[in-house]
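Colleague: below is the sequence, then the predicted model.
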Amino acid sequence: MRILANNLKLLLPMLLGLLLLSACASAEGPASLPSLDQNQPSPEQISTQTSETLPAATESATNLPEPSPSSEELTTPPPTNIPAAQIPDGDFRVWTKVAQGFSQPLFVTHANDGSNRLFIVDQPGRIWLIENGEVAATPFLDIRGRVNDQSNEQGLLGLAFHPNYSDNGYFFVNYTNSSADTIVSRFSVSDESNLADSSSEEIILEVAQPYSNHNGGHLDFGQDGFLYIAMGDGGSAGDPRNNGQNPNTLLGTLLRIDIDSETPYAIPADNPYANGGGAPEIWITGLRNPWRFSFDSLSGDLYIGDVGQNQWEEINYLPGGVVGGVNFGWNYFEANHAYSGSPPANISLFPPIAEYDHSNGRCSVTGGVVYRGSKLPELWGVYFYGDFCSGEVFALVQEEDGIWTSASVYNLPLLITSFGVDESGEIYLLDRSGDLYNLQ
């Protein structure tokens, strides 16, 4: 059963019942990402630059197709009192290059420690630090000897700082090890605030990977203080092991664990399988290759960019405060479109709030962030996401009538690997070729 997604803010009671990078797939599986330029600068050549800007959008907003409706009655939750965002006009806001020369950058984030530093995850196994607009000469963390980045979808893939990083110095990474399996580890900062202690690694979780693609790799802390971990379906094409619909495997899911109560972690009591019926770490099922998820810093709403198989890319959504157990439908569905088999009558599948096809050179969604900064007030509340191949940046908003609307607002000559924000909520994106941009 597919349920109406025009107003997901109205679905709280129903929910109780309910990318690394992957390019467009062929019959043999997802295509590899473009080869990296072998003439990349060395780490010592990484520099900042503020003069180069990129053009604005050329396309106007269009409403996305509606998912198949359900006859079930919806119940209205308490209002959030958050004003509706508007699709922006991209003509007068530009993406400006602020740092360059990284090897294969995949993620940008901050430590929320008052330092205003930015941290760049570089796929081969290093984390770079930007402070006062300058890239540090020495990486914050270098674990290249432990990281397997032989596949375009393997390597050092994710970074999340503990909510109490200022006090405990803990941060968490997601990487592929020498056995090609997923490792989630905790590290500590050293006595020098700009250097991590590479010997402090404590492995939190290890997940066997049957194939070299669809590793997911992102991780982040929710407003509840729990660590969320995105896991792809294990790879190949079409989910041959049916991991997306198997609650007994950690693959094809979003995990949720408590890393503070026990060692290595505890299971939150309200996880959907905390008392049996599936792997207790699971929070959400039915994902293919979630490449970047994020929480709205104001509402706690969860957005997930899930890379498609052959034709469709999607953005999935869960309102803040809603318990897990949601099934986003892969591999019965690719976005809103039937893909493989028919779901049993007793399974409720939750459709995406946005989708797009592979026309115009599009191939692989890069999940984004909700803008909550102060410098660009007209963008407040807009969710920005992109396409890796085409370089398009999309804006997604929920109108006052509850309908989700998406528009292509920028066409950039970039391979977009990630979006991120700084401590002030200002938005950045990374180009696979090695550059960091800020929307100004």
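Modeller: Here it is on my side, so go on. Numbers count the residues shown, from 1 in each chain.
Colleague: so residue 134 versus residue 118, what's the distance?
Modeller: For residue 134, the distance to residue 118 equals 11 Å [CB to CB, to the nearest Å]. All C-beta atoms are positioned from the backbone trio N, CA, C, and that covers glycine.
Colleague: between these two, tell me which one has more neighbours.
Modeller: Neighbour tally, residue 134 and residue 118, criterion other CB atoms under 10 Å: the higher count belongs to residue 118, 24 against 12.
Colleague: sec struct for the nearest residue in space to that one that is not next to it in sequence, please.
Modeller: Residue nearest to residue 118 in three dimensions, not counting chain neighbours: residue 130, with 4.2 Å by CB to CB, 6 or more residues apart in numbering. The local conformation at residue 130, judged by DSSP: H, G, I helix; E, B strand; the rest coil, is strand.
Colleague: what residue ranges in the chain score low on pLDDT?
Modeller: Within the chain, the stretches with pLDDT under 70 are 1-83, 90-91.
Colleague: could you rerun that using 80?
Modeller: Applying pLDDT under 80 to the chain picks out residues 1-84, 89-92.
Colleague: and the strand or helix carrying residue 294, what does it pack against?
Modeller: Assigned by DSSP states H and E, residue 294 belongs to strand 290-295. Packed against strand 290-295, as judged by 3 or more CB pairs under 8 Å, 6 or more residues apart in numbering; DSSP states H and E, are the following elements: strand 219-221, strand 227-231, strand 302-306, strand 365-370, strand 416-421.
Colleague: distance from that strand to the middle of the chain?
Modeller: Between the mean C-alpha point of strand 290-295 and the mean C-alpha point of its chain there is a distance of 2 Å (CA atoms, centre = their mean, to the nearest Å).
Colleague: the inter-axis angle of it versus strand 227-231?
Modeller: Computed with axes from the mean of the first three to the mean of the last three CA atoms, to 10 degrees, the direction of strand 290-295 lies at 160 degrees from that of strand 227-231.
Colleague: who touches strand 290-295?
Modeller: Here strand 290-295 makes contact (CB atoms under 8 Å, 6 or more residues apart in numbering) with 19-22, 107, 216-218, 220, 222-223, 228, 230-232, 254, 301-307, 320, 364-370, 418-419.
Colleague: partner strands of it, parallel or antiparallel?
Modeller: strand 302-306 (antiparallel) (DSSP bridges).
Colleague: okay, the partner strand in CSV with CA atoms only?
Modeller: Presented in CSV, the C-alpha positions along strand 302-306 are these (Å, rounded to 0.1, in the frame of the first residue of the first chain):
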residue,chain,number,x,y,z
LEU,A,302,14.7,14.1,8.6
TYR,A,303,15.5,14.3,4.8
ILE,A,304,17.2,11.4,3.0
GLY,A,305,18.6,11.4,-0.5
ASP,A,306,18.3,7.9,-1.8
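Colleague: and stretch 410-430, which residues are buried?
Modeller: Buried residues in stretch 410-430, defined by neighbour count with 16 or more other CB atoms under 10 Å: 410-412, 414-423, 425-430.
Colleague: go on, stretch 318-333?
Modeller: Taking 16+ other CB under 10 Å as the neighbour-count basis, stretch 318-333 is seen to contain the buried residues 318-320, 322, 324-333.
Colleague: pull the distance from it to the chain's centre.
Modeller: 15 Å.
Colleague: stretch 383-401 now?
Modeller: Stretch 383-401 has its C-alpha centroid displaced from the chain centroid by 13 Å (CA atoms, centre = their mean).
Colleague: and stretch 236-245, by the same measure?
Modeller: A distance of 20 Å separates the centroid of the chain from that of stretch 236-245, by CA atoms, centre = their mean.
Colleague: first-to-last residue distance for it?
Modeller: 16 Å (CA to CA, to the nearest Å).
Colleague: quick one: the spatially most central residue of the chain from residue 420, how far?
Modeller: Using CA atoms, centre = their mean, the residue of the chain that lies closest to the mean C-alpha position is residue 292, 1.0 Å off. Distance, residue 292 to residue 420, using CB to CB: 9 Å.
Colleague: what sits in contact with each of those two?
Modeller: residue 107.
Colleague: how about the helices in the stretch 101-250 of the chain?
Modeller: Secondary structure of the stretch 101-250 of the chain (DSSP state H, counting those that start in this stretch): helices at 165-168.
Colleague: on that earlier part again, ok, which pair from the buried residues of stretch 318-333 is furthest apart?
Modeller: Checking the buried residues of stretch 318-333 against each other with CB to CB, the farthest-apart pair comes out as 320 and 331, at 27.6 Å.
Colleague: and the gap between the residue nearest to residue 118 and residue 167?
Modeller: Using CB to CB, one obtains 23 Å as the distance from residue 130 to residue 167.
Colleague: those two: which is more packed in?
Modeller: residue 130 (22 against 9).
Colleague: which strand residues bridge the residue nearest to residue 392 when sequence neighbours are not counted?
Modeller: With CB to CB, 6+ apart as the measure, residue 408 is the residue that lies nearest to residue 392, at 5.0 Å, once sequence neighbours are left out. According to DSSP bridges, the partner residues bridging residue 408 are residue 394.
Colleague: between strand 290-295 and the helix or strand where residue 256 lies, find me the angle.
Modeller: Taking DSSP H and E as the criterion, the element that holds residue 256 is strand 253-257. Angular relation of strand 253-257 and strand 290-295 on a 0 to 180 degree scale: 50 degrees, by the same axes, to 10 degrees.
Colleague: quick one: strands adjacent to strand 253-257?
Modeller: Taking DSSP bridges as the criterion, strand 253-257 sits next to strand 227-231 (antiparallel), strand 282-285 (antiparallel) in its sheet.
Colleague: could I get those strands in JSON lines, plus columns for distance to residue 92 and mean neighbour count?
Modeller: Compiled in JSON lines, the strands paired with strand 253-257 are given as follows (distance: least, CB to CB, whole Å; neighbours: other CB atoms under 10 Å):
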{"stretch": "strand 227-231", "distance to residue 92": "34", "mean neighbour count": "26"}
{"stretch": "strand 282-285", "distance to residue 92": "38", "mean neighbour count": "26"}
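Colleague: wait, what's in contact with residue 253?
Modeller: For residue 253, the set of contacting residues under the criterion of CB under 8 Å, 6+ apart consists of 231, 279, 282, 283, 284, 285, 287.
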